[in-house]
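Chemist: Using only what follows, build the 3D model:
(2 chains)
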Amino acid sequence: MGVAEAVLLTIITASTPLLIAALGELVTERSGVLNLGVEGMMIMGAVAGFAFAQISGSAYVGALGGMLAGAVFSLLFAFLTLSLVANQVATGLALTILGLGLSGLLGEAYIGQPGIKMEPIVIPLLSQIPFIGKLLFAQDLIFYISIALLIAVNWFLFRTRAGLTLRSVGDNHSSAHALGINVIAVRYMAVIFGGACSGLAGAHLSLVQVPQWVENMSAGRGWIALALVVFASWRPMRVLFGAYLFGAVGIAQLHIQALGFSVPSQFLSSLPYIATIIVLVIISGNRRLTLINTPASLGKGFVPDR
Amino acid sequence: MFIELERRPAHSTLYSALSPFIALILTLVAGAILFAVMGINPAKGLYSFFIEPLTEVWSLHELAIKAAPLILIATGLSICFLSSNWNIGAEGQFILGAIFGSILPVLFHEQVGIWVLPAMMIMGMIGGALWALIPALLKTRFGANEILTSLMLVYVAELFLDWLVRGAWRNPEGFNFPETRSFSPGQILPEVLDSGRAHYGAVLAIVAVLIAWFMMAKTIRGFEVKVIGQAPKAGQFAGFDAKRVTIVAFMISGALAGLAGIAEVSGAIQQLRPTISPGYGFTAIIVAFLGRLNPVGVFAAGLVLALSFLGSEAAQISLGVSDKLGRVFQGMLLFFVLACDTLIHYRIRITGWAGRARTGET
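Modeler: You can find the predicted model right below:
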């Protein structure tokens, strides 16, 4: 395996959870709900994924458990912000704080235990294609899901009636309500979908990337996923580009160190965070791009009048 | 079962005052359930978590030490949140304040004099304010989301501190431990009244609360913050400049977080280390909300949250439970506070399927 291949493989592994979590949050935000709890749902997915894999002995059950944990955890957020119209920003932060604490508590028994790694699924014939075969067709299941998810989300949002309904709820909840759409129900589903995605992304960390449980192992990836949604100006295909760009930045530090440049490791570790800030500034400075695509009701609570 | 909300004609002053207390009670109930699930007698668990730390004098000192940074940071955050600016990077501003404030004691170790401590505190405030100015400027100039930028800067600040204490600022006589020199006696925030432990950080917190209260309740600047936060359009008509409010609010909260940082380092730790905060900057967000974004409320809430830090240490020792329990309590508390705030603006009706059918779901 060549150097380029090896580097690209690590980038794909680093980017997959970002892609999944950002796609989930994109759907949530398209329905007009800003869930800042991605980091919390992701870490719950990571600890649940690890625990379910340990108990069942199967990484696939683990991934399913992670997804479930993210979805259940997001219900807390949904209940507060949708049923009780609590402030979405503050509730999202609460979800992250609670998730980081709860995962630490639940995961204590698993610290230092060897994990169960999800094995790659090698697709016959396709994986024989020179160069890209090994990269794209000999990956773990979650990678395949991430690509399928990308296509599905894009198709759902812009090619189906249900997707149109979801976007209309996000753009103007009062009009949608007047048309007889159950705004709260649509938003519940969008939040739970986002939670399941974040949970799966977290499970990828503890089952594929590290195969271990480490406290706070999400290390800000949930926040980067949130930034990716802005970066992509709420368009799924652009999330793909953003996720791989950030995955590459995150991996770059390892390779720069390996090449023996004498840059302080702390500076290299801070690159993904600095890159996030720079990208946010560039994208947000472009008013035309953001104004057209930002869901108009994003972050606003809705109380149906009877 | 469904929940229906009915908007109150005016917001309820009764629930405005009660909701933090209801939230506290609900947190205790949830905590009791959590203890029961973990196989610990709930009464014993809650006692060792919330009462035991208050029964001894030395632990009251610890309470003051832990409450001071929380109150300082949360006082600034409430001003920021009231103006609808979401600064969630106080942890980073705390660290930068600690670093700026430590320039004197680390690089000019021999420097003593009555002016040194005040200079350190002011430098700390400058450091925190400058770090907070970054997301403020990025928001006002480019419209970049301040939640994300201020949070990203926390990670950058942590790594910067790590680099300093392992590199340029490492104690030359420190056997390669990642820490700076210990501050000299004149550079350490003294104890209040030779009390034993609690240092002047607690006094700084009280002063900050009083100044913030005065500013928010009695000055046009405070009024401006509230108007811009609640009704930006009305603020514009009144001639208030929203961008200036953003910058001022961020710098005030950054300065107070920075002051908390240098006070903590100078008073409690007395040197810089790779980790100088058990997450004060994030916990302070909970303090701000539990205190209903009001300086006096923040003061009380700071004591409650400081107790959650002490309680988790105490419970770890006496019950052998994880110190993560404190974080879980903090998270639950914020949830309940936010949920109870609904009561202020809405009446909540719980209706069954039957009730829903009768009102005729239209």
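
Chemist: Spatially central residue in chain B, please.
Modeler: For chain B, B:Ala284 is the residue whose C-alpha lies nearest the centre (C-alpha atoms, centre = their mean; 1.5 Å).

Chemist: check contacts around it.
Modeler: If a contact means C-beta atoms under 8 Å, 6 or more residues apart in numbering or on different chains, then B:Ala284 has B:69-70, B:73-74, B:77, B:90, B:257 as its contacts. In this view, the C-beta of every residue, glycine as well, is placed from N, C-alpha and C.

Chemist: so which of those residues comes closest to A:Val7?
Modeler: Closest to A:Val7 out of the contacts of B:Ala284 is B:Ala90 (37.3 Å), distances taken as C-beta to C-beta.

Chemist: Was I right to think that closest one contacts B:Ala257?
Modeler: Yes: when contacts are counted by C-beta atoms under 8 Å, B:Ala90 is listed as touching B:Ala257 (4.4 Å).

Chemist: Report the set of residues contacting both of the two.
Modeler: Shared contacts of B:Ala90 and B:Ala257 (C-beta under 8 Å, 6+ apart): B:73, B:76-77, B:281, B:284.

Chemist: Show me the one in those residues that has more neighbours than the rest.
Modeler: Greatest neighbour count in these, by other C-beta atoms under 10 Å in any protein chain shown, goes to B:Ile73: 37 neighbours.

Chemist: part of a helix, is that one?
Modeler: Yes: counting by DSSP: H, G, I helix; E, B strand; the rest coil, one finds B:Ile73 located in a helix.

Chemist: Without its sequence neighbours, what residue ends up closest to it?
Modeler: B:Ala284 (3.7 Å; C-beta to C-beta, 6 or more residues apart in numbering or on different chains).

Chemist: do A:Ala248 as well
Modeler: A:Ile11 (5.0 Å).

Chemist: What's the local residue count around the one you found?
Modeler: Neighbour tally, A:Ile11, other C-beta under 10 Å: 21.

Chemist: residues in contact with residue 256?
Modeler: Just so you know, I chose chain A. A:Ile256 neighbours (C-beta under 8 Å, 6+ apart): A:263, A:268.

Chemist: wait, chain B
Modeler: B:72-73, B:75-76, B:125, B:128, B:208.

Chemist: Dump those into a markdown table; add pLDDT as well.
Modeler: Formatted as a markdown table, these follow (pLDDT from 0 to 100):
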| residue | pLDDT |
| --- | --- |
| B:Leu72 | 95 |
| B:Ile73 | 96 |
| B:Thr75 | 95 |
| B:Gly76 | 95 |
| B:Met125 | 96 |
| B:Gly128 | 97 |
| B:Ala208 | 92 |
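
Chemist: would you turn the residues you listed into JSON lines with distance to A:Ile142?
Modeler: Shown next, in JSON lines, are the contacts of B:Leu256 (distance: C-beta to C-beta, whole Å):
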{"residue": "B:Leu72", "distance to A:Ile142": "44"}
{"residue": "B:Ile73", "distance to A:Ile142": "39"}
{"residue": "B:Thr75", "distance to A:Ile142": "44"}
{"residue": "B:Gly76", "distance to A:Ile142": "42"}
{"residue": "B:Met125", "distance to A:Ile142": "47"}
{"residue": "B:Gly128", "distance to A:Ile142": "41"}
{"residue": "B:Ala208", "distance to A:Ile142": "48"}
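
Chemist: Out of the residues you listed, which is nearest to chain A?
Modeler: Set against chain A, the nearest of the contacts of B:Leu256 by C-beta to the nearest C-beta is B:Ile73 (14.4 Å).

Chemist: one step back: most neighbours among the contacts of B:Ala284, which one?
Modeler: Counting neighbours by other C-beta under 10 Å, B:Ala74 leads these with 40 neighbours.

Chemist: pretty sure that one is touching B:Gly302, no?
Modeler: Yes: using C-beta under 8 Å, B:Ala74 is in contact with B:Gly302, at 6.1 Å.
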